[in-house]
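J.: got a sequence here, can you model it:
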Amino acid sequence: MKRAHPTDRRAGPGPSSPTEAGDAPLPAFLSRPAFSQAPGRREVSRRDLERLDVLGELLSTLNDPRAGAGSVARHVRQLDALAARIEERFVQLRRGARPPGLSEQIAVIGNRELEAILFAFLEDVVALHSDLVDGEAEQEAK
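T.: Now for the predicted structure:
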């Protein structure tokens, strides 16, 4: 019996973990909490919260099958932490290679890696927003 890929929602119940499905485990950079332990450039900031319009445009671009790496890079360049994470992943994949421009990095790492990086970035944006809202609520309560 052929098993469905774990992300295929049409297939019904499947394996409970990626390793059970035979996929390789997630890379270490995806399994660590980037928000709390990230070095400076990768860290999500208040500035990123002010750029939610850019995130929306980026997501729309990613949904366009005709959009290329250049279109994606145009939006990513406006989000320093996301661009730094893409460069970091490129360097991890291409050890010793000098990073080319952002468009080329995006093309090399591919859609699956880009989506994983973007997902972690979005989680960190939400976590920062939540922390800020909680902090403001505590200040108001005092």
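J.: CA atoms for contacts and neighbours, from now on please.
T.: OK.
J.: skipping adjacent residues, who's closest to residue 78 in space?
T.: Distance criterion CA to CA, 6 or more residues apart in numbering; nearest residue to residue 78, sequence neighbours excluded, is residue 54 at 7.3 Å.
J.: which residues touch residue 118?
T.: Contacts for residue 118 were tallied using CA atoms under 8 Å, 6 or more residues apart in numbering; they are residue 82.
J.: what helix or strand is it on?
T.: Assigned by DSSP states H and E, residue 118 belongs to helix 102-141.
J.: in this protein, which spans are strands?
T.: Secondary structure of the chain (DSSP state E): no strands located.
J.: where does the prediction get shaky in the protein?
T.: 1-39 (pLDDT under 70).
J.: quick one: the helices in it?
T.: Using DSSP state H, the helices found in the chain span residues 28-31, 34-37, 46-49, 52-63, 69-76, 80-93, 102-141.
J.: mind listing what's buried along the longest one?
T.: Buried residues in helix 102-141, counted by 16 or more other CA atoms under 10 Å: 102-103, 105-109, 113-114, 117-118, 120-125, 128-129.
J.: check the third one too.
T.: For helix 46-49, the buried set under the neighbour-count rule, 16+ other CA under 10 Å, comprises 48, 49.
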